[in-house]
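**Student:** sharing a model prediction with you, sequence too.
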Amino acid sequence: MRYAYPTLAGLLSLAARTGADPTWPAATDEMEEIVYQLRGFKGRLFGDLITPCNNEAAGPGRVTASEWLRVGFHDMATHNRVFGTGGLDASLQFELTNGENTGPGHNTTLKFLANYYSSQSSMADLIAAGVYASVRSCGGPVVPLRLGRKDATSSGSTGVPQPQNSAETFRQQFDRMGFSTEEMIQVTACGHTLGGVHTEEFPEIVPSGTGTNGQKPLDTTDATFDNKVVTEYVSGTTQNPLVVGPAVAVNRHSDFKVFNIDGNATMNGLTSATTFRDVCKTVLQKMIDTVPSGVTLTDPIAPYAVKPVDMQLTLNSGGSSFLLTGYIRVRTTNRASGAIKNIKMTWKDRNGGCASGSCSYTATVQGVGTGFDDTFEFFPISTNIPTSSGISSFTVTVNLNDGTSESYNNNGNSYPLSDAIILQQPQSCLLQSSGALTVSALVRNDITTTPLLGISYLTPRGVVRNGNPVPILSSTTVAMTKGNCVGPYTFYSASYTITGGLSYAAKLSVTAGSNSDSFNKASDLSGSCTTFSGTASCTTPGGGGGGGNEPDASSTIASSSAAAPSSTSSVVEVISSTTIAPSSTTTSSSTAPTATGPARKPTVAGYTRLRCATEGSGVRALTGASFAYDTMTLESCAANCTAAGNFAYFGVEYARECFCGNSLAASSSEAPDSECNMLCAGDATEYCGAGNRLELYAKPGTGTSTASAARPTATLGRKETVGDYVFVGCQTEATEGGRALQGKSWADDGMTLEGCAGACSGWEYFGVEYGRECYCDNTLRGGSSPAPLADCSFTCAGTPYEYCGAGNRLELYRLASASSSSKARRARGVTGRRL
């Protein structure tokens, strides 16, 4: 639940300049969470691929952090300071095949960053955040991060420096970007402290067989942000392939040309480690702040001291009260461990008072999150508020164990929380397999404007490898239909089908005039809509009957079931909306529900509990499908996994994450039940795992309570059958019309053959490529042909015991019922194609 906030340009405020929190909500809130709320409780996981710094997520020899850093430079490098064009604007996504941006690193980096792409997080800002994160993950300085970049809609000019250029050409190119000769040398050194040069992109510089995993490092500590690239150069001991070696003979020793242009004066000035860090902080900030003219950036962002997170009102059954849920996040970076006793939230009703006589709630910590430099504690909110009085704003008091307290009032404005329009999650649903969406909202009866449902969603481009991996960001609005009145509110609903297979990434807003409930995550919605059960008589907020949204005929039951997606199999009536507060909270509200002790559930919707289980070692235990939302229950996870592919297993982790699969990772093991100690986000009477711990269930006959149940054998090999599919062979991508398989696609760092088969259920073919990419279709496009089995050499990202294609190579399977040939027709070790 978010509301209208100032534009990014409007955030150039005194509060930001003096180090105080911005006024919440702010247009930077989404990026603030992505950048700082990295791991642990409610972690956004933005830094996972570059943590630790030597992580090679894109393949052996490729330091992922270095590729993120390079993407920032390549995107910026076409800037023209005279004309004000180019700069860091995400135009790189359109320039991957122009010959200046070679290798897979740009593509894989943009593909990962696109997971966070939304109307409140531009790709350009995400690229800049990637530079900040890669430098910090590798031990470098904190590069100040400003926001507000705008994404280009097409490619820009050429002009990325190339190794064969002369020193004078380099100087002219950097001058065009707005960098002096000294800054050119500095930013090159800072950018080349990580990673190396690859044979795949530059065989003249790193001939085949001369590097390790096809790469030669730029210095001896290629996964540490330090000044070895400088000191080794100055001392004459460098093995930098852009300074010495084969590059010299072919005039591609570009680092030498740049470093030596001023007689090594600048490089000698960087031999101090402290100077190097300070200089890199400055020039890398200049790099990411180089933007087209007309773009105004905010002041550098910083994490809030106190921030409301995921605050949401939900109308309770009967219609006489709301359930307010969410978290107060407190930054604890500079506090001693355990310094906070609790937090107290105090609110005002919609008239600015406290008509109910009890308007406060006290909570103790539920979870801890971390970033590169910060720690946070999360305090859960779960309390009832009468609809007759409502809520308009609140303040927060942080009570410390030493007896003192700190008050936070949002820079004197209080934290706004409007009850004018509410997206009602239980009566809203999203069937992710088809994209069928239904949204129900409550509009207060004193508002006469008909609400509109706004949907911001992503659509894959469906292009060939090295084409644009960034999906298209689109938006649409749908008029909502008036429903029944319950107390001082009227239901409205709307349905829409989000095409493209990325419906889970959609963001939803309901707006009526100047009132809105904005930027709600579609992934928080369950797969089926429930029916609202209410009996409150229709009123206006002032207490009288009538009002702009009162229906023509009075009604006691408001139901969204008629608007549910046609593919939803059932609608479950809400018997009671009483929600149990987490055990770690206390409340001063007289309307708070009475807690009931949580318990393990032996059976859930046809599944039997197996155990508390660990995640796999470096892989997910279950890789078939996944869901995450803040109303998670064991029942909703079971329903999700049944609808997504009738999976044999389901497990819930971290209170709000649901995973499905037909097999368990071999390295997953049994853990004590006491370690699965987090209560479900949507039902505090159930346990939903914990960090790295799954509350694991299986269909009868699938698994047992032992840790060895249903494990894949620990031997790497080809799988002749996967579910209903049989192995065809190793297959090239198409040469005509894009990809060989174009019906559906997705990518996952937990990819397995079983997961892809489940996602492609119903399609004739599925294929896995590059270790982590899954494709489905009913036909193979022209130009796709058999390839040697040895070409499909990548193991699956989610298990080391299966093959998942390679670059431009598909591990191809076909439905057994559609296959017209036998295993004997495939010549082992040469080609294998059964079509």
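**Tutor:** Okay, I see it.

**Student:** pLDDT-wise, which helix or strand of this protein ranks last?
**Tutor:** The weakest-scoring helix or strand in the chain, judged by mean pLDDT, DSSP states H and E, is strand 585-586 (a mean of 32).

**Student:** what helix or strand is K341 located in?
**Tutor:** strand 340-348 (DSSP states H and E).

**Student:** what helices or strands is that strand leaning on?
**Tutor:** strand 321-331, strand 360-363, strand 375-386, strand 393-400 (3 or more C-beta pairs under 8 Å, 6 or more residues apart in numbering; DSSP states H and E). Yep, even glycine has a C-beta here, placed from its N, CA and C like the rest.

**Student:** after the shortest one, which helix or strand is next?
**Tutor:** Going down the chain from strand 360-363, the next helix or strand is strand 367-370, by DSSP H and E.

**Student:** how about the nearest residue to A339, chain neighbours excluded?
**Tutor:** Excluding the flanking residues, the one nearest A339 by C-beta to C-beta, 6 or more residues apart in numbering is L400, at 5.7 Å.

**Student:** contact partners for the one you found?
**Tutor:** The contact partners of L400, by C-beta atoms under 8 Å, 6 or more residues apart in numbering, come to 339-341, 406.

**Student:** for it, give me the pLDDT.
**Tutor:** We have a pLDDT of 97 for L400.

**Student:** look up how far T362 lies from it.
**Tutor:** 14 Å (C-beta to C-beta, to the nearest Å).

**Student:** what bits of the stretch 401-550 of the chain have low per-residue confidence?
**Tutor:** Applying pLDDT under 70 to the stretch 401-550 of the chain flags the ranges 462-466, 542-550.

**Student:** for it, what spans make up the strands?
**Tutor:** Ranges of strands within the stretch 401-550 of the chain are 405-408, 415-416, 421-423, 429-431, 436-444, 452-459, 472-479, 481-486, 489-497, 507-512, 515-521, based on DSSP state E, counting those that start in this stretch.

**Student:** how far out from the middle of the chain is the second one?
**Tutor:** Spelled out, it's strand 415-416. 26 Å (C-alpha atoms, centre = their mean, to the nearest Å).

**Student:** could you do the fourth one as well?
**Tutor:** Per C-alpha atoms, centre = their mean, the displacement of strand 429-431 from the mean C-alpha position of its chain is 19 Å.

**Student:** still on that earlier bit, name whatever forms a beta bridge with the residue nearest to A339.
**Tutor:** On the basis of DSSP bridges, L400 is bridged to I340.

**Student:** I figured F174 hits E183, correct?
**Tutor:** Yes: F174 lies in contact with E183 (C-beta atoms under 8 Å); the separation is 7.2 Å.

**Student:** tell me what G318 is bridged to.
**Tutor:** Following DSSP bridges, G318 is listed with bridge partners G534.

**Student:** tell me which stretches of the stretch 201-350 of the chain form strands.
**Tutor:** 215-217, 306-315, 321-331, 340-348.

**Student:** nearest to D151, out of the ones you listed?
**Tutor:** Among those, the nearest to D151 by C-beta to C-beta is strand 306-315 (26.1 Å).

**Student:** between strand 375-386 and the strand holding K341, find me the angle.
**Tutor:** Angle of strand 340-348 versus strand 375-386, following axes from the mean of the first three to the mean of the last three C-alpha atoms, to 10 degrees, is 40 degrees.

**Student:** chain center to strand 340-348, what's the gap?
**Tutor:** 30 Å.

**Student:** flag the shaky bits of the stretch 651-800 of the chain, pLDDT-wise.
**Tutor:** In the stretch 651-800 of the chain, residues with pLDDT under 70: 703-715, 736-738, 749.

**Student:** can we see that at 80?
**Tutor:** 691, 701-716, 735-738, 746-750, 797-800 (pLDDT under 80).

**Student:** now do the helices in it.
**Tutor:** Assigned by DSSP state H, counting those that start in this stretch, the stretch 651-800 of the chain shows helices spanning 753-759.

**Student:** what segments of it are strands?
**Tutor:** 657-661, 670-671, 679-680, 683-687, 693-698, 721-722, 725-732, 744-747, 765-769, 773-777, 786-787.

**Student:** Serialize the strands of the stretch 401-550 of the chain to JSON lines and add fields for mean neighbour count and distance to N54.
**Tutor:** Formatted as JSON lines, the strands of the stretch 401-550 of the chain follow (neighbours: other C-beta atoms under 10 Å; distance: least, C-beta to C-beta, whole Å):
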{"stretch": "strand 405-408", "mean neighbour count": "14", "distance to N54": "40"}
{"stretch": "strand 415-416", "mean neighbour count": "20", "distance to N54": "41"}
{"stretch": "strand 421-423", "mean neighbour count": "24", "distance to N54": "43"}
{"stretch": "strand 429-431", "mean neighbour count": "26", "distance to N54": "38"}
{"stretch": "strand 436-444", "mean neighbour count": "27", "distance to N54": "42"}
{"stretch": "strand 452-459", "mean neighbour count": "20", "distance to N54": "31"}
{"stretch": "strand 472-479", "mean neighbour count": "13", "distance to N54": "33"}
{"stretch": "strand 481-486", "mean neighbour count": "22", "distance to N54": "55"}
{"stretch": "strand 489-497", "mean neighbour count": "23", "distance to N54": "44"}
{"stretch": "strand 507-512", "mean neighbour count": "23", "distance to N54": "35"}
{"stretch": "strand 515-521", "mean neighbour count": "21", "distance to N54": "33"}
